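[1] starting from these lines, generate the structure:
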Amino acid sequence: VGALQDLDPGRVVHLGTASKSLAPGLRLGWMVVPPWLLPDVVDHGGGRTVGVVEQLALAEFLTSGAYDRQVRAARLRYRRRRDTLVRALAAGAPHVRVTGIAAGLHAVLELPPGTEQSVQRSATWQGLAVKGLDSFRHPGVTDPAGDALVVGYATPPDHAWAGTLDALLRSLP
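    Numbers count the residues shown, from 1 in each chain. From the prediction side, this is the model:
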């Protein structure tokens with residue numbers, strides 16, 4: 001998907017990070033800013049930068065094509081996990097529907113009405129860290145939302161993925 005910055009590079013700032021694709025501890029990110037805005041961005045940054053070694057390593061990772069390979073492999077791994085999640089829910093909890101696009105690191109599970117809080121409690125008891133969709137809503141929104149759960153599928157290590165899915169299924173009504 002093309003970046004919004006491509007539509008009007010003279011007025012749009014493009015921000016990115018390698019936190020999810022590499023490691024959050026590296027604290028590597030980037031900005032593509034219009035030339036007229038660069039002095040303000042540099043002034044506001046207060047001299048905070050990432051170390052030269054980390055920058056050079058990222059530059060080599062990008063120019064060698066290793067970063068692209070890493071991102072493609074991660075996308076495939078997360079796509080497979082999402083597909084496994086969808087299949088497991090279809091078999092074990094057919095009344096729960098997975099919504100949203102098949103990309104990213106999270107899925108939204110639409111729950112039967114009135115079950116969001118009890119599912120969250122049950123998931124916590126099972127050792128899962130899930131959030132109700134309601135916690136992502138802006139406080140000013142007044143229209144009622146359906147019950148739903150936001151489930152991240154990137155965190156569990158491969159050896160724990162099957163057990164995590166089982167725990168999730170035990171949490172659902």
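[2] look up how far residue 62 lies from residue 72.
    For residue 72, the distance to residue 62 equals 14 Å [Cβ to Cβ, to the nearest Å]. To be clear about C-beta, it is placed using only N, CA and C from the backbone, and glycine gets the same treatment.
[3] who's in contact with residue 115?
    Residue 115 makes contact with 147, 173, according to Cβ atoms under 8 Å, 6 or more residues apart in numbering.
[4] from residue 146, how far out is it?
    10 Å.
[5] could you do residue 64 as well?
    Applying Cβ to Cβ, the value for residue 64 to residue 146 is 46 Å.
[6] residues contacting residue 114?
    residue 147.
[7] if we go to 10 Å?
    The contact partners of residue 114, by Cβ atoms under 10 Å, 6 or more residues apart in numbering, come to 147, 173.
[8] quick check: it is in a helix.
    No. Read with DSSP: H, G, I helix; E, B strand; the rest coil, residue 114 is coil and lies in no helix.
[9] do you know the pLDDT at the most centrally placed residue in the chain?
    For the chain, the residue nearest the mean C-alpha position is residue 105 (3.9 Å; Cα atoms, centre = their mean). Per-residue pLDDT puts residue 105 at 87.
[10] is it correct that it is in contact with residue 85?
    No. The pair formed by residue 105 and residue 85 falls short of the contact definition of Cβ atoms under 10 Å, at 11.6 Å.
[11] any idea of the mean pLDDT for the longest helix along the chain?
    Identified as the longest helix of the chain according to DSSP state H is helix 66-92. Mean per-residue pLDDT for helix 66-92: 92.
[12] and what of stretch 160-173?
    The model assigns stretch 160-173 a mean pLDDT of 94.
[13] only the C-alpha atoms, please, for that stretch, written as CSV.
    Output of stretch 160-173 as CSV, limited to C-alpha atoms (Å, rounded to 0.1, in the frame of the first residue of the first chain):
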residue,chain,number,x,y,z
ALA,A,160,3.6,-21.8,22.7
TRP,A,161,1.3,-20.8,19.9
ALA,A,162,-0.9,-23.9,20.0
GLY,A,163,-1.3,-23.7,23.7
THR,A,164,-2.2,-20.0,23.5
LEU,A,165,-4.9,-20.8,20.9
ASP,A,166,-6.3,-23.5,23.2
ALA,A,167,-6.3,-21.1,26.2
LEU,A,168,-8.2,-18.5,24.0
LEU,A,169,-10.8,-21.0,22.9
ARG,A,170,-11.3,-22.0,26.6
SER,A,171,-12.0,-18.3,27.3
LEU,A,172,-14.7,-17.8,24.8
PRO,A,173,-18.4,-18.4,25.5
